[in-house]
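> I would like the atomic coordinates for the input below:
(chains A and B)
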Amino acid sequence: MDKKLYGLMAEFDSATELVDAARATRDAGYRKTDAFSPFPIHDIDEALGIKRSILPVLVFFGGITGLLLGISLQVFVHYIDYPLNIGGRPYLSWISFVPPAYELTILLAGFTAVFGMLFLNGLPRPYHPVFNVPRFALATREKFFLLIESADEIYDYDDTKGFLEGLKPQEVFDVEE
Amino acid sequence: MAKDLKQIHEKIYPPMVEGEHTLATVSDKIGDVTLKKKTPWHWFVGFGISFMVAQLLLFSVVTLLAKGIGIWGNNQPVGWAFDIINFVWWIGIGHAGTLISAILLLLNQKWRTSINRFAEAMTLFAVACAAMFPLLHTGRPWLAAYWLFPYPNTMGIWPQFRSPLIWDVFAVSTYATISLLFWYVGLIPDLATLRDRAKNKVFKFFYAALSWGWRGSARHWHRYEIAYLLLAGISTPLVLSVHSIVSFDFSVSQVPGWHATIFPPYFVAGAIFAGFAMVLILCIPLRVWYNMKDFITDTHLVYMGKVMLATGLIVVYGYAMEAYFGWYSSSQYEVFMVKNRIWEGPYWWSYWLLIICNGLSIQLLWFKRFRESPFWLFMISIVVSIGMWLERFVIIVTSLNRDFLPSSWAMYSPTMFDWSMFVGTIGFFFTLLYLFVRFLPVISIFEVRTLLPEANVHGHQQDFEENVLEVEYTYERTDPPNKEDAES
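Below is the predicted model:
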């Protein structure tokens, strides 16, 4: 125990075991936890106490920004900066401004959805302590992992390790910093 | 009793993954296509041919830039010809990819899962081919930046936002960008799978760099799923708008045969029709060559055949309405256009070929025998692809070659360069597809995992089969139980 540990990690064989273990971990009072799985599991959100992300709100405002940008760009070009009589139409022929504004709404909403998701997830992040566990390579294939960080308030190496072992995992690993 | 119910259930919801598969075998089977050392010989043959054909594109583009668009057959009055025909054709093909990835996701259609990845790739490559045509039709694409995009330039001029051509620029560039993002977001978890499985150092680095350190954390998955759903939500109106705007290029003008309100829905249906034909053309050989029949099952092909039939019938309705509008308008130019297009004009044969390809050939899909035979589906898809190309030829050339003034009538015929550029883009498209199949997972691995029984938490699947199913069917409900509700 010379090296400082990032946390402890338990390996499970199935999604059901992972969700049960996550629920038990939360009931035991652990808060700085995370679960890793090869596909999204819906029950895990509730088991780990993950709050609903703010992402949809961001995307909404991203879309609104795109809409306003689209309208103001076209109004500026055709009404303020360079009014040009085209087929006798009014300078503010807003109906013909709809398609570009519509597309820009979608474009900016899409950018917010993707880059917002990556930003909130803290990606790209090529290095992370969990990658130090060799078995963790299976998290993207078929195995399920539960992590308790050493930063957790009630974390204690021996107690936590005992607790994780009590959850009947395949194995418990030390995650090096 | 329970067994009968299970059979009924399987009839309504055929399994989307066949054979005995687990989380591990799914990952290995799809991942091995790219990671296995030996690339099959047919890949080299196919890639080689595609790459050679793609050289035609290079040759045509270089000649075009050196000599100008005079090397094409475009003339007055047929100022738009192969360039816009091919543009609309390619863009239309792309639409099926977005339909599969976005609209079918929102409609909770599980069969989209194993075909969405390469359908999206198809979209991207088709849009790349499409974008080349209008850009090269400008003759000087390097100047197109200020013609097309609103940036403050030293000349103080702006694009004309009241023009459908500028709407098209916005629609197509947004479409390309969002399709790329959607595709890439879907790839991230699978790239992480490949990263963790790759033995080769170069490949490992390549996948590690592309997967951005994805580690499958529950918090990440939570936001990921929200982002994916939102992208599907915004792609749906996007894909419908793109081909509507493409149709505005025609319908906003005054040309008889173009100026019709039916154009947007009719174009969108045609796009999906053509796109599903292309998806079938690609996935029927793919599932055989790469032994993916467990994931792209016969059920998938049947479903795609049905979508093709439905959208094809909408398109045929569009043809009928076009002729009806022309007659009902009682405008002499519109009436003349209909006659000119269908029997009096010099291009009458193209109209009837179109009806045979798009109208008659799909009628075979009413019959189980044809719908369930990959061979016939493949043949019908090829015929439909030709038919959809002819549709644009008919709309564009027959409308333009005899317009308002008989003194300006002229015939159009494509030159060698029109053909070489078109064929070149087909080579380019297949070159990109071959590279995609070689280096990226062709089927979404993590989404296929969610189709497996192992993905169900707390044995909900068993509960469902034993209890819910029985209750639902005992009471003879007409609507089948929603599988999703029972699981979550």
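
> For A:Phe61, give me its contacts.
A:Thr112 (C-beta atoms under 8 Å, 6 or more residues apart in numbering or on different chains). (C-beta placed from N, C-alpha, C; glycine too.)

> measure it to B:Pro414 for me?
Applying C-beta to C-beta, to the nearest Å, the value for A:Phe61 to B:Pro414 is 49 Å.

> which one in chain A is furthest away from the centre?
A:Gly88 (51.1 Å; C-alpha atoms, centre = their mean).

> which SS class is that one?
Classification of A:Gly88 by DSSP: H, G, I helix; E, B strand; the rest coil places it in coil.

> Chain B versus that one, what's the distance?
12 Å (C-beta to the nearest C-beta, to the nearest Å).

> And the helices in chain A?
Under the criterion DSSP state H, chain A contains helices at A:15-27, A:43-48, A:55-75, A:98-120, A:157-166.

> Tabulate these (TSV), appending distance to B:Phe375.
Output for the helices of chain A, formatted as TSV (distance: least, C-beta to C-beta, whole Å):
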stretch	distance to B:Phe375
helix A:15-27	40
helix A:43-48	44
helix A:55-75	45
helix A:98-120	39
helix A:157-166	56
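
> Burial-wise, tell me which of those helices comes out on top.
Comparing the helices of chain A by mean neighbour count (mean count of other C-beta atoms under 10 Å in any protein chain shown), helix A:98-120 comes out on top with a mean of 22.

> That one to helix A:55-75, inter-axis angle?
Orientation of helix A:98-120 against helix A:55-75 (axes from the mean of the first three to the mean of the last three C-alpha atoms, to 10 degrees) gives an angle of 140 degrees.

> Tally up the residues packed near B:Ser60, please.
23 (other C-beta atoms under 10 Å in any protein chain shown).

> next one: B:Trp142
8.

> who's in contact with the closest residue in space to A:Phe12 that isn't next to it in sequence?
Spatial nearest neighbour of A:Phe12, excluding adjacent residues (C-beta to C-beta, 6 or more residues apart in numbering or on different chains): A:Phe144 at 4.3 Å. By C-beta under 8 Å, 6+ apart, A:Phe144 lies in contact with A:Glu11, A:Phe12, A:Asp13, A:Ser14, A:Ala15, A:Glu17, A:Leu18, A:Ala35, A:Phe36, A:Ser37, A:Pro38.

> about what we covered before: look up the pLDDT of the residue farthest from the centre of chain A for me, please.
A:Gly88 carries a pLDDT score of 85 in this model.

> Phi and psi next, for it.
A:Gly88 adopts backbone torsions of phi 70, psi 20, taken as degrees, to the nearest 10.

> rewinding a little: kindly reformat the helices of chain A as TSV and extend each row with mean pLDDT.
Formatted as TSV, those follow (pLDDT from 0 to 100):
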stretch	mean pLDDT
helix A:15-27	85
helix A:43-48	81
helix A:55-75	93
helix A:98-120	93
helix A:157-166	81
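
> quick one: which of those is nearest B:Asp28?
helix A:15-27 (18.9 Å; C-beta to C-beta).

> so what secondary structure elements neighbour that closest one?
When contacts are defined as 3 or more C-beta pairs under 8 Å, 6 or more residues apart in numbering or on different chains; DSSP states H and E, helix A:15-27 sits against strand A:5-12, strand A:33-36, helix A:43-48, strand A:144-149.

> Next up, the contacts around the residue most central in space within chain A.
In chain A, the centroid-proximal residue (C-alpha atoms, centre = their mean) is A:Asn121; its distance is 4.0 Å. Residues in contact with A:Asn121 (C-beta under 8 Å, 6+ apart) are B:Ser217, B:Arg219, B:His220, B:Arg223, B:Tyr224.

> Against chain A, which of those make the cut? List them.
Among the contacts of A:Asn121, the ones lying near chain A by C-beta under 8 Å from any C-beta of the partner chain are B:Ser217, B:Arg219, B:His220, B:Arg223, B:Tyr224.

> so can I have a markdown table of the residues you listed showing secondary structure, pLDDT and neighbour count?
Formatted as a markdown table, those follow (DSSP: H, G, I helix; E, B strand; the rest coil; pLDDT from 0 to 100; neighbours: other C-beta atoms under 10 Å in any protein chain shown):
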| residue | secondary structure | pLDDT | neighbour count |
| --- | --- | --- | --- |
| B:Ser217 | strand | 87 | 23 |
| B:Arg219 | helix | 87 | 18 |
| B:His220 | helix | 89 | 22 |
| B:Arg223 | helix | 90 | 23 |
| B:Tyr224 | helix | 91 | 25 |
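
> Which is the succeeding secondary structure element to the one helix or strand B:Ala232 maps to?
Taking DSSP states H and E as the definition, one finds B:Ala232 inside helix B:218-251. For helix B:218-251, the succeeding helix or strand toward the C-terminus, using DSSP H and E, is helix B:263-289.

> Not counting its neighbours along the chain, what's nearest B:Tyr151?
That would be B:Ala145: by C-beta to C-beta, 6+ apart, it lies 7.3 Å from B:Tyr151.

> right, and that neighbour touches B:Met155 too?
No: counting by C-beta atoms under 8 Å, B:Met155 is not a contact partner of B:Ala145; they are 11.9 Å apart.

> out of those two, which sits in the more crowded spot?
More neighbours surround B:Ala145 than the other of B:Ala145 and B:Met155, with 10 against 7 (other C-beta under 10 Å).

> my read is that one is in a helix, agree?
Yes: assessed with three-state DSSP, B:Ala145 lies in a helix.

> ok, it to B:Tyr412 distance?
30 Å.

> Can you give me the neighbour number for residue 132?
Using chain A. The burial count for A:Asn132: 16, using other C-beta under 10 Å.

> nope, chain B
Residues near B:Met132, counting by other C-beta under 10 Å: 21.

> Ignoring the adjacent residues along the chain, who's closest to it?
Closest to B:Met132 by C-beta to C-beta, 6+ apart is B:Thr425, at 6.6 Å.

> Just say helix, strand or coil for the one you found.
Quick answer, by three-state DSSP: B:Thr425 is helix.

> Spit out the contact partners of it.
B:Leu57, B:Asn86, B:Trp90, B:Cys129, B:Met132, B:Phe133.

> Which members of these are positioned in helices?
Reading helices off the contacts of B:Thr425 with DSSP H, I get B:Leu57, B:Asn86, B:Trp90, B:Cys129, B:Met132, B:Phe133.

> List just the nearest of the residues you listed to B:Thr193.
Closest to B:Thr193, out of all of those and judged by C-beta to C-beta, is B:Cys129, at 29.8 Å.

> got the contact list for the closest one?
Taking C-beta under 8 Å, 6+ apart, one finds B:Asn86, B:Trp90, B:Thr425, B:Ile426, B:Phe428, B:Phe429 in contact with B:Cys129.

> between those, which is nearest chain A?
B:Trp90 (18.8 Å; C-beta to the nearest C-beta).

> Check the nearest residue to that closest one once chain neighbours are set aside and give its pLDDT.
Nearest residue to B:Trp90 in three dimensions, chain neighbours excluded: B:Ala130, at 3.5 Å (C-beta to C-beta, 6+ apart). Looking at B:Ala130, its pLDDT reads 92.
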